[in-house]
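Visitor: What follows is a predicted structure for the sequence shown.
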Amino acid sequence: MSASDPYRVLVVGDVHGHWNDVDARFLEAGDQDLVLFVGDLGDEDPEIVRDISELDCEIAVLLGNHDAWQSFSNKRVTRRLRESLDLLGEDHLAYAIRELPECGITLVGARPFSWGGRDLRSPEIYGELYGVGTPEDSAARIAEAVARAQHASLVVLAHNGPYGLGRNSSDIYGKDFGKSPTGDWGDRDLELALKDIRAAGRHVRVVVAGHMHDRLLHPRGAQRTRFVEHAGTAYVNPAVVPRVRQIDGEELRHFVELRLAGGQLVGCDEIWIDAAGEVRSRTTPEFRPRRG
Ligand SMILES: [Fe+2]
Ligand SMILES: [Fe+2]
């Protein structure tokens with residue numbers, strides 16, 4: 001990248017097993033600077049984690065609830081989850097940071113494996129892996145990581161987004177399932193952490209988080225709002241599920257591109273690539289104000 005080019009980040013939304021050589025070749029041949037994964041790669045599947053961890057390009061991952069499904073059911077960390085974490089090593093950005101000096105930004109990883117909702121679901125897992133027992137502990141861990149950041153401008157990578165962005169099922173992290181498919185399903189710890197981070201004088205430029213899929217269960221088939229701007233932060237939900245779709249008779253694969261420069265988000269597009277890795281569609285989403 002030359003001094004005038006923005007830093008290019010490709011974001012992969014919830015994978016849910018939709019991953020193959022086309023994706024790998026596209027990323028390995030691409031001129032992006034970094035690839036972010038918001039998790040839900042598979043159902044606690046070290047094989048897909050291995051494929052992604054072996055990509056010959058720069059990556060950062062935050063695993064999702066599906067990536068720890070059995071561990072959460074058993075309330076203890078399974079061998080398969082340990083294997084996934086070992087494969088990713090420092091590329092799993094849970095409660096960690098990575099400096100991106102080329103664009104004057106620090107990338108921050110939030111709590112992995114989030115299911116959304118009020119609590120941590122299985123605090124035993126967080127206790128075993130991270131010594132975290134409550135949403136407040138978790139918020140403090142995120143803020144502690146940020147305290148070590150070299151830059152005032154931040155991009156946050158999470159599996160689920162924060163509480164406070166809307167209560168309707170179609171809101172960016174609104175609840176669209178269960179007996180009462182409405183309400184804010186955002187993470188309390190991430191909301192708390194963002195407040196602390198802002199109070200400390202840092203600027204959260206972008207929060208990238210999936211988990212809440214684009215097509216709603218209730219009302220069935222309705223579209224979720226996935227791009228929101230609030231208080232100087234762009235919230236990007238890349239969870240187009242499935243991320244591989246037949247469009248006009250052709251199989252296309254979804255990514256989100258973020259462009260960063262000088263500590264700012266300077267561009268965001270959704271792209272769809274074909275089997276040859278050619279970009280067949282590029283659209284610039286409109287960031288909507290928060291309704292919450
Ligand atoms: Fe998901
Ligand atoms: Fe998820």
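Guide: Here it is on my side, so go on. Ligands and ions are numbered 1, 2, ... in the order given.
Visitor: which residue ranges form the helices in this structure?
Guide: Here the chain has its helices, by DSSP state H, at 21-29, 46-53, 69-74, 79-88, 123-130, 135-147, 188-199.
Visitor: Give me the mean pLDDT for the fourth one.
Guide: Here helix 79-88 scores 98 as its mean pLDDT.
Visitor: thinking again about what came up before, wait, which of the helices of the chain is closest to ligand 1?
Guide: Among the helices of the chain, the nearest to ligand 1 by Cβ to the ion is helix 69-74 (10.9 Å). For the C-beta atoms, the positions are set from N, CA and C on the backbone; glycine is no exception.
Visitor: Show me what that closest one is in contact with.
Guide: Contact with helix 69-74 is made by Asp43, Glu44, Asn65, Val77, Thr78, Arg80, Leu81, Phe113, Trp115, Arg121, Ser122, Ile125, as judged by Cβ atoms under 8 Å, 6 or more residues apart in numbering.
Visitor: With stretch 265-272 instead?
Guide: By Cβ under 8 Å, 6+ apart, stretch 265-272 touches 6, 205-206, 227, 234, 236, 240, 245, 247, 252-260, 279-285, 287.
Visitor: who's in contact with the residue of the stretch 151-292 of the chain found nearest ligand 2?
Guide: Closest to ligand 2 within the stretch 151-292 of the chain is His211: 3.8 Å, counting by Cβ to the ion. Going by Cβ under 8 Å, 6+ apart, His211 touches 14, 38-40, 64-65, 114, 116, 159-161, 173, 239.
Visitor: Would you format the residues you listed as a markdown table with neighbour count and distance to Ser138 included?
Guide: Converted to a markdown table, those look like this (neighbours: other Cβ atoms under 10 Å; distance: Cβ to Cβ, whole Å):
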| residue | neighbour count | distance to Ser138 |
| --- | --- | --- |
| Asp14 | 26 | 21 |
| Val38 | 28 | 17 |
| Gly39 | 28 | 16 |
| Asp40 | 24 | 19 |
| Gly64 | 28 | 15 |
| Asn65 | 22 | 14 |
| Ser114 | 27 | 9 |
| Gly116 | 20 | 13 |
| His159 | 32 | 12 |
| Asn160 | 28 | 12 |
| Gly161 | 33 | 15 |
| Tyr173 | 29 | 16 |
| Ala239 | 27 | 21 |
